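> Dropping a prediction and its sequence here:
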Amino acid sequence: MNKRRHCLFTNDVETTSIWLNTLRDETGLKVLEEGMPILLDIYNEFNIISTFYFTGYIAKLFPDVVKMIIKDGHEVASHGKSHLPENGFDVMPFEKQKRHLEETKKLLEDISGQEVISFRAPALRVNNETVRALIETGHKIDSSVASQRFDFFLSFGGFKKLKWFTAPRLPYKVDPNNIFKKGNSDLVEVPLSALFLPYVGTTMRIFPTITALQRHGINFESKLNNKPVVFDVHPNEFIDESDEIRIVNKRSKNPIDFFLKDWLRSHLKIKNLGPAAIPLYKKEIQFYKDRGYKFTTVKQYCIENQLI
């Protein structure tokens, strides 16, 4: 295995309004016109390449959101059809999973002219049938498992995500019947980094001090076992929608789910939303830049390390 330490800054591109806790086309337009240019400027400033996971919904609505990353050498990857709760890969039957994967892959390939082989599930929701669905639709890499991460049941699929506690930390070939275990299938899992708390843009914005401690721990671990750093951020974290009246949209009829996954989660997630997130993200990148990490795409990392 290549011994140089790697940093994979990844991006999930969708129409979610964090400010309004809902999916909407108006936010997708702001992602295209504001969030994505901010992210691409940051990556150009640091001269790094990255992987962008697009939902089929935003790609079909705004094809330019895909086209705009290509000239800089970033990877186009699939984020499923949409972020609707009913489109979670942990609740969809096998045939529906396959259909969503096939349609989104074809759409992204038609727009970008690139072969799409990397996938991340919306809200990281997967089940054991997802392995076969991904393989049968030509995907080779998944990055939906966040090993040893606890989400405090603040997201959909919270109980199934408890399986993350026993998942391997290093990239691995997946068991054909269990995406959370090593096996001999043709699918490679590249786990998201976590140290109990998520190591993502949301945590970076809400708890910047904790994230600073996390990155030192993650850097220490990478020194020991060469684990790649895998960070997840969203372009909609860099847009400002605060000029709109804020109403927390209810996505669940269950009152406990509404409190945890809508009211509490949405109130936490607006901290440092918009331009305030830019210096926090730059600080995150600079930390690894100063330590000589190689920044690359998920696909290129797997090729260089002979995982695919």
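Sure, I can see it. Since the model is a prediction, treat every value here as computed from it, not as a measurement. Numbering: from 1, shown residues only.
> Tell me the secondary structure of residue 91, please.
coil (DSSP: H, G, I helix; E, B strand; the rest coil).
> quick one: it from residue 128, how far?
13 Å (C-beta to C-beta, to the nearest Å). C-betas here are computed from N, CA, C, even on glycine.
> quick one: which helix or strand includes the nearest residue to residue 50 once chain neighbours are set aside?
In this structure, residue 50 finds its nearest non-sequential neighbour in residue 9, 4.9 Å apart by C-beta to C-beta, 6 or more residues apart in numbering. Residue 9 belongs to strand 6-13 when assigned by DSSP states H and E.
> try residue 146
Here residue 146 is assigned to no helix or strand, by DSSP H and E.
> can you give me the helices for the stretch 101-250 of the chain?
Applying DSSP state H, counting those that start in this stretch to the stretch 101-250 of the chain gives helices spanning 129-136, 201-206, 208-225.
> could you dump the ones you listed to TSV with mean neighbour count, distance to residue 68 and mean pLDDT?
Below are those laid out as TSV (neighbours: other C-beta atoms under 10 Å; distance: least, C-beta to C-beta, whole Å; pLDDT from 0 to 100):
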stretch	mean neighbour count	distance to residue 68	mean pLDDT
helix 129-136	21	26	96
helix 201-206	22	19	94
helix 208-225	14	28	95
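> returning to that earlier point: surely the residue nearest to residue 50 touches residue 295?
Yes. Residue 9 is in contact with residue 295 according to C-beta atoms under 8 Å; the separation is 6.7 Å.
> pLDDT weak spots in the stretch 201-308 of the chain?
248-252, 256-266 (pLDDT under 70).
> any chance you could map the strands in it?
229-233, 294-295 (DSSP state E, counting those that start in this stretch).
> hang on, the earlier thing: between residue 9 and residue 295, which contacts overlap?
48, 50, 285 (C-beta atoms under 8 Å, 6 or more residues apart in numbering).
> And the residues you listed, which of them are buried?
Among the shared contacts of residue 9 and residue 295, the ones that count as buried by 16 or more other C-beta atoms under 10 Å are 48, 50, 285.
> got those as a markdown table, with distance to residue 56 columns?
Formatted as a markdown table, these follow (distance: C-beta to C-beta, whole Å):
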| residue | distance to residue 56 |
| --- | --- |
| 48 | 26 |
| 50 | 20 |
| 285 | 28 |
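> nearest to residue 77, of those?
Residue 77 has its nearest neighbour among those in residue 50, at 10.1 Å by C-beta to C-beta.
> need the contact list for that closest one.
Counting by C-beta under 8 Å, 6+ apart, residue 50 touches 8-11, 43, 74-75, 295, 297.
> can you tell me which of those residues lies nearest to residue 207?
Checking the contacts of residue 50 one by one against residue 207 (C-beta to C-beta), the nearest turns out to be residue 9, at 18.8 Å.
> count of neighbours near that closest one?
Using other C-beta atoms under 10 Å, residue 9 is surrounded by 25 other residues.
> Okay, and the beta partners of it?
residue 231 (DSSP bridges).
> quick one, what contacts it?
Counting by C-beta under 8 Å, 6+ apart, residue 9 has contacts 43, 48, 50, 231, 233, 285, 295.
> same thing but at 7 Å, please
48, 50, 231, 233, 285, 295 (C-beta atoms under 7 Å, 6 or more residues apart in numbering).
> picking up where we left off before, including mean neighbour count and distance to residue 58, could the strands of the stretch 201-308 of the chain go into CSV?
Converted to CSV, those look like this (neighbours: other C-beta atoms under 10 Å; distance: least, C-beta to C-beta, whole Å):
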stretch, mean neighbour count, distance to residue 58
strand 229-233, 24, 16
strand 294-295, 18, 24
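> Which of the buried ones among the shared contacts of residue 9 and residue 295 fall within helices?
Using DSSP state H, the members of these that fall in helices are residue 285.
> Looking at the buried ones among the shared contacts of residue 9 and residue 295, which is nearest residue 184?
Of all those, residue 184 sits closest to residue 50, with 29.9 Å by C-beta to C-beta.
> Kindly provide the distance from the closest one to residue 103.
24 Å.
> Please apply the same query to residue 195.
Taken as C-beta to C-beta, the span from residue 195 to residue 103 is 36 Å.
> Please apply the same query to residue 48.
According to C-beta to C-beta, residue 48 and residue 103 sit 31 Å apart.
> Equivalent analysis for residue 38, please.
29 Å.
> What of residue 227?
33 Å.
> Ok, residue 14 next?
From residue 14 to residue 103 the distance is 16 Å (C-beta to C-beta).
> Please apply the same query to residue 268.
Residue 268 is 33 Å from residue 103, by C-beta to C-beta.
> repeat for residue 83
From residue 83 to residue 103 the distance is 15 Å (C-beta to C-beta).
> and if you look at residue 9?
Distance from residue 9 to residue 103, by C-beta to C-beta: 27 Å.
> what's near enough to touch residue 67?
So residue 67 contacts residue 111 (C-beta under 7 Å, 6+ apart).
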